[in-house]
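J.: Need coordinates for the following:
(2 chains)
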Amino acid sequence: MNFGFVIDNRSCIGCHACSTACKSENDVPLGVYRTWVKYTETGTFPDNRRHFQVTRCNHCSNPPCVRICPVTAMYQREDGIVDFDSRRCIGCKACLQACPYDAIHIDPETSTAAKCHYCAHRTDIGLEPACVVVCPEHAIIAGDLDDPHSEISKIVHNEKVTVRKPEQGTGPKLFYIEGGDIALHPTATERTPETFMWADVKPLHGENIRADQSHSTQGLPAAGPIQIGGRVSEHMVQVSYNAQHEVPWHWQVPAYLVTKGIAAGVALVFALALWMGMELSATTGVFASATAVVFTLITTVLLVGDLEKPGRFLRIILTPQWKSWLTRGAFILIAFSIVVTGWMGIELGNLFGMVPDATLAAARPWILLAASPLAIGVASYTAFLFGQAEGRDLWQSPLLPIHLVIQATMAGAVFLAASGNVFPISGAIAELARTVALWSIAIDLGVMILGEIGMPHASEVAARAAHDITHGRYKNYFWVGSILVGHVAAFGVLYFGVPVLPALLALVGLYCYEHAFVMAPQDVPNS
Amino acid sequence: MSSHDPQGFLGRLLDLFPDKKPAAAPSGATNVAGTALPVMSQASRDPVKLTTVRHPDGRMSQYPPPEVWDDWVEWDSKAWPERVPRHYSLVPTVCFNCESACGLLAYVDKTTYEIKKFEGNPVHPGSRGRNCAKGPATHNQVYDPERILYPLKRVGKRGEGKWERVSWDEALADIGAKMAASRKKRRDGIMYHVGRPGEDHYANRCISAWGVDGHNSHTNICSAGARCGYYLWSGFDRPSPDYANARTILLISSHLETGHYFNPHAQRIIEGQRNGAKIITFDPRLSNTASKSDVWLPTTPGSEQSVLLAIASYMISNELYDKAFVKEWVDWESFLANGEKFLTPKALEVMKAGDKSFETFHATLDALYSEFTFERAAEEAGVPIERIVQAAKYVAQSNGALAAHTWRSASIGNLGGWQVARCLFFLNVLTGSVGTKGGTAGNSWNKFVPKPFKQPPAFNAWNDLHFADEWPFSFYEMSFLLPHFLKEGRGDVDVYFTRVYNPMWINPDGFMWLEALRDEEKIKCHVALTPTWNESAWFADYVLPMGHAGERHDLMSQETHAGQWIAFRQPVRRVAMEKAGIEIEHTYEANPGEVWEEAEFWVQLSGKMDPDGSLGVRQWFESPNREGELISQDEYWGWIFDHSVPGLPQAAEKEGLTPLAYMKKYGCFEVVAENYQPYLEKGFNTPSKKLELYSPLMEAWGWTETEYVLPWTLESHVSPNNIKRDQGEMLLLPNFRLPTLIHTRSANAKWLYEISHKNPVWMHPSDAQRLGLKTGELVRVETEIGHFVDRVWVTEGIKPGIIAMSHHLGRWRLEDSSGINPGTSNLARLDQSGDVHSLHVLHGAKATKTFDPDTERVWWEDVGVHQNLTHAVHPDPVSGAHCWLQKATNVTKAKPGDKYGDVSVDTKRSMAVYEEWKSWTRPASKHSPDGTRRPYWLKRPLKPVREAYDLPKK
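T.: Below is the predicted model of the structure:
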């Protein structure tokens, strides 16, 4: 058994019956859709057409939403249906990032992920999905792709069919007959027009984002990826209806990248200092370990707080799904926090005279030997999580793990260096931190310039997101916040020995960069 | 998948904020519609996995088979993947959200009798188990937070918005007494004004039983033009195309999104196209239908006849038409015999040169229509000529299988629009596609209306407010002119029923309606029978809640294809409860609150109108079985199913059921599966029994010119000659619907409003550039009688020079707390200064807290602009149709102070436009050839006795 769909665009009349039948069958609340009809229009009067495309979960054979889900709330059944279990879901929204098709949303009623589940509750008793039954045109065909005699198999084999974004490697099992590139390719049309034909548009971030079509660059042709002639009036290619998708991740995610960077970076710089044989005072140890603990704690609060179901956060540990980097990351974070908490315990014990100096001196290298790889893990695991986010090509960068480690080192170093001006920590480590900070700011700048600007992106979607960072909506975050404030200015003031300010500038800059990096790919439409 | 507890022990222990536990499953009947969301009970057994029926095309089984409908268990979709079984009784009914009468299957919980959902009815011959978006949305209407649950009586002034709840008995007694008083005085004092009939004979029978000329309808703002055109040819007033078998499909309408009958027809149109048929669509707007067409002709409104006659002329002159059919079935002999009266000089010359043979007829016809060339058509229509030629070739190749349809669109848009239907049917005649397989039949051939147990005789009365002297050819009642007639002092109404009808909102010139509805001297008692609040009901004396699709009895049949069927609408809760042995006397006992149904209401009301039978009314409502008792619904329909539906008793017997039980179980019955060319036996329903190319009737009643007597072009009131584009005038196209809207009644269906809630003004980029407007900006559109302010949608999907704006959005309420849902209507204020009325939108849709959490999730704000208020009435002098297309006298950027949704109208100007159009009529009193008010042959929904047709003696 291997269920799939065929949407026959030759028959579809764009009536939206499937949309309301699905809402009725599955009690889908207002504001979200498990299936919808995208309307696109092409051409100039009187040589123009409106095109309809039923759009929904593709029940991928290689579903990225299942791989990224930390608690097996998304799962693939043996009959090929990708189903979900709202009882398990913690609302981390990673599946929304993993889906390259905008098929998943957070159900406002349950605050958990939901999508088309092929009406598995119906197919299990021999009924077809509600949309198939209601369709006046039999334009939606459901059935077993493994059965060569099924209607769907015959169609898939006899007709010319297309799928959405096969290049994502997801193996979509929803096939379109006469699928059109303009409708299939989300960036071929403006993401969010001011309005649809019959409906208001819900702004993505409280304001509309219009595709910037003024700039042509490698991998990002001006006027869209599909060239069907000049867009003189901008109406020649127009979305007149689409379901609307809010951006799933907001400020908490870039913020958590900064806070965990500080925690990991401080541990790494401290380990480096130890390795270099520096004498580090008791207050230095307490300060460094406490910093790691506190920022790990803040990181955890941000992570849990960003869940739609924060009360369920422990399920990541209790019912882990090990292929998910969200799960793996959580365990790395836990391991790291245990080690640094132990470290802080010993340091505090020493400060209050309960742990002898010799014991501390003997323990520190071992603790930091354990903490260092964990710190690298804490810093870099998000890169692997982002790598699982099949819906955000820009995030899927092989350079990202290293880049995150460099950023963490920079954050930790600059934090320590600045702290030297305020707290009584050993001068040597402060000086070391300053050097590391200067180097890492410079290297990070280089990585960004070379990686993000110098290197073309493999996909048009990634190029579009990168373009948004450097030339679009996020250009101020990037150029002013990250480059100017976070790197040039931070480097300058640090170099000239201004106290405290460098850390402020570098961390603000880091946040700006992460903000742009996290948000921009989410603005690129997937449907 | 096993369904183990996903949290595990520790998980449950540590769960910090556990989800709220769902309310305990109810163990008995509930009735929460209008007050809460339904909760379903839990079944005591698991679903039985259906033996997968492998259809020949490889599909799974689509529907629970009828044998298990009484006892159906399926998994709860929301709890899934937890396996919670739900137990339903599946009760068939009929959708009420357009006129198609598609089948629905209600899933009624076996314990609570709440309705889980509405799916299609797989055994329904018209809809074949499928539905459009509006079918499933029936559930929204049932559990709508704004439901009117109890009968309401006005307290305070009309329109003040103060109501008190009354019992049905009180309402029946008071209204019944008023009807009796009126009937004793006169036979034209009671008016039943119906928007959506949703049934075929029941209400008409009641009106006949009351003995009054009381039927008024919405036909003249909908289909009068098309009906007139079809009727003059054939004696049937609407087409029934056999799309599925067609070779060419010609649509002057948007049948793939809204047509009569949308879902059944859309299925068959696409089926036809997939089987090789070519679709040709006339529409100046890029409709969804136009997008699916093989040939889209974006014709300038008013040019349709010219294009159709060019196609006709091409077929005639190239002898591509079905001569044998025309020779046999067209009254060409009479045409030749009378040709001198109406032929053009050129054609007359040809006719005179020949004998009385068919060849002469051919030559005359050729000469007659030779002026309609492709070049002229292309010029007038503003369409590339090659498209018209292509369309002509497809029509000519249709080989007796031309399925063609016009309904609203051009035939109700233009002055003379009735000629569009007549010219279109000309192509059916020329191709021999009349009632053939793949051709176009008459509606009456494919519609089956069974006879009830006792039929009251025709009444002897004539209400001039319905059929006025000026419009003897009107199809039918001059409904939209009622306020103008009242203002002229033509009469008054004692008891005015509006039934699923919002006349002030949907008719043109709504402020005239406002004045009429407020006038207690003219409309003495207004009873609004409606399932939902509407703007007109706000100005009623009684608001009586009547049921939605699953809350009422009706019998319907529609000519959806070349066959005949009947479908039975049922109060599904009542049916399910009765199956469970619960006794119910009146449907309102089972329906939400005390929502009733007209079918029972009319019986009880008529009983109150004539308690002792002295008026002669009561006899028609008495049970045939129980002496002196009023008839029950089971008795009424049981009799019909026993006696009047051929084949039904036999089909029922096969299943061991009574015919009534059979209809309750299946909800429909196919009377005739295939029906082609029934006229071969008895001819057509015309005086000549032939198809009348030339109309002796029009000629006799004073319409003697060629352009009336024959299928011909008539200049539209919005032809390019009448729209001065260089002076800023534009053509406003308001008469189109969306596939997701129930006319104006969608405001109680959240799923439909979520998809489509606003009606911006469509404008071509060239016009937008000229006016300096961008999408989303405010535009002020001035009409003959006022103006409105809306936003612009700049699109290539509209012909330059035309602005389009769908007219079913822009609902409003006057009070924030009641009326129409805050999420689907504007809060508005009405102002008046002399004859100048205005409507101001205070704010658009807003989220509110009700028992339905969805009302808090309303995310849209724009719910449209009520443009119909600004439309002047345009009664066609022949068909009486309101010609919807409007002249926008000025279209500009909004002026300072203009606000979104503003509407302003001067009713003095309303009356002036009315007078102008009235002056073009040829009244019966001046032109009647036989001293009658109206040609007796012409259809009326309810025909009085022949004597009533006599013009009053002066």
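
J.: Next, give phi and psi for the nearest residue to residue B:658 once chain neighbours are set aside.
T.: In space, and not counting its chain neighbours, residue B:658 is closest to residue B:652: 6.0 Å by CB to CB, 6 or more residues apart in numbering or on different chains. Using the backbone N, CA and C atoms, a C-beta is placed for each residue, glycine as well. Main-chain torsions, residue B:652, degrees, to the nearest 10: phi -70, psi -40.

J.: Give me the neighbour count for residue B:652.
T.: Residue B:652 has 22 neighbours, counted by other CB atoms under 10 Å in any protein chain shown.

J.: State the pLDDT value of it.
T.: Here the pLDDT value assigned to residue B:652 is 98.

J.: Check residue B:55 too.
T.: For residue B:55, the pLDDT comes out at 61.

J.: In contact with the closest residue to residue B:931 other than its chain neighbours, which residues?
T.: Computed as CB to CB, 6+ apart, the closest residue to residue B:931 that is not its neighbour in sequence is residue B:951, at 5.4 Å. If a contact means CB atoms under 8 Å, 6 or more residues apart in numbering or on different chains, then residue B:951 has B:924, B:925, B:928, B:931, B:932, B:933 as its contacts.

J.: now the helices for the stretch 151-300 of chain A?
T.: A:151-158, A:181-184, A:252-275, A:282-306 (DSSP state H, counting those that start in this stretch).

J.: so who does residue B:483 touch?
T.: Per CB under 8 Å, 6+ apart, neighbours of residue B:483: B:509, B:512, B:513, B:515, B:516.

J.: Switch these over to TSV; also include distance to residue B:833, neighbour count and pLDDT.
T.: Output for the contacts of residue B:483, formatted as TSV (distance: CB to CB, whole Å; neighbours: other CB atoms under 10 Å in any protein chain shown; pLDDT from 0 to 100):
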residue	distance to residue B:833	neighbour count	pLDDT
B:509	18	30	97
B:512	16	28	98
B:513	18	26	98
B:515	14	20	97
B:516	19	22	98
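
J.: Tell me which of those residues fall in helices.
T.: The helices, defined by DSSP state H, take in B:512, B:513, B:515, B:516 from those.

J.: For chain A, which segments count as strands?
T.: For chain A, the strands defined by DSSP state E occupy A:3-8, A:35-44, A:47-56, A:74-76, A:82-84, A:105-107, A:112-114, A:140-144, A:161-162, A:174-177, A:237-241.

J.: which residues sit against the shortest one?
T.: Residues from elsewhere that reach strand A:161-162, judged by CB under 8 Å, 6+ apart: A:6, A:155, A:175, A:176, A:177, A:179, A:184.

J.: how about the residue of the stretch 251-400 of chain B found nearest chain A, phi and psi?
T.: The minimum distance from the stretch 251-400 of chain B to chain A, using CB to the nearest CB, falls at residue B:291 (4.1 Å). The phi/psi pair for residue B:291 (degrees, to the nearest 10) reads phi -70, psi -30.

J.: which residues touch the residue nearest to it when sequence neighbours are not counted?
T.: Nearest residue to residue B:291, sequence neighbours excluded (CB to CB, 6+ apart): residue A:50, at 4.1 Å. Residues counted as contacts of residue A:50 (CB under 8 Å, 6+ apart) are A:14, A:39, A:40, A:41, A:240, B:286, B:288, B:291, B:797.

J.: Name whatever forms a beta bridge with residue A:50.
T.: With DSSP bridges as the criterion, residue A:50 is bridged to residue A:41.

J.: What's the local residue count around the residue of the stretch 1-150 of chain A found nearest chain B?
T.: At 3.3 Å from chain B, residue A:126 is the closest residue in the stretch 1-150 of chain A, using CB to the nearest CB. Neighbour count of residue A:126, defined by other CB under 10 Å: 17.

J.: Over to the one 5 residues further on?
T.: Residues near residue A:131, counting by other CB under 10 Å, number 26.

J.: ditto for residue A:270
T.: Applying other CB under 10 Å, we find 31 residues neighbouring residue A:270.

J.: Now do the same contact list for the residue nearest to it when sequence neighbours are not counted.
T.: Leaving aside its chain neighbours, residue A:270 sits nearest to residue A:288 (4.5 Å; criterion: CB to CB, 6+ apart). By CB under 8 Å, 6+ apart, the contact list for residue A:288 reads A:266, A:267, A:269, A:270, A:416, A:425, A:429.

J.: do you know how far the second one is from residue B:788?
T.: The reference is to residue A:267. 68 Å (CB to CB, to the nearest Å).

J.: likewise the fourth one?
T.: Remark: distance between residue A:270 and residue B:788 (CB to CB) = 72 Å.

J.: and the gap between the residue of the stretch 1-150 of chain A closest to chain B and residue B:60?
T.: Distance from residue A:126 to residue B:60, by CB to CB: 6 Å.

J.: re the thing from before, report the two of the contacts of strand A:161-162 separated the most.
T.: Maximum pairwise distance among those (CB to CB): 17.7 Å, between A:155 and A:184.

J.: Low-confidence ranges, chain A, go.
T.: For chain A, applying pLDDT under 70 flags the ranges A:206-215, A:229-236.

J.: residue closest to the middle of it?
T.: residue A:97 (4.8 Å; CA atoms, centre = their mean).

J.: Please list all residues in contact with that residue.
T.: By CB under 8 Å, 6+ apart, the residues touching residue A:97 are A:68, A:248, A:249, A:389, A:391, A:392, A:395, A:522.

J.: Now flag whichever of those residues is closest to chain B.
T.: Distances from chain B to the contacts of residue A:97, taken by CB to the nearest CB, are shortest for residue A:248, at 16.8 Å.

J.: Just give me the neighbour total for that closest one.
T.: Close neighbours of residue A:248, defined as other CB under 10 Å, add up to 21.

J.: my read: it touches residue A:95, true?
T.: No - Residue A:248 lies out of contact with residue A:95 (CB atoms under 8 Å); the separation is 9.2 Å.
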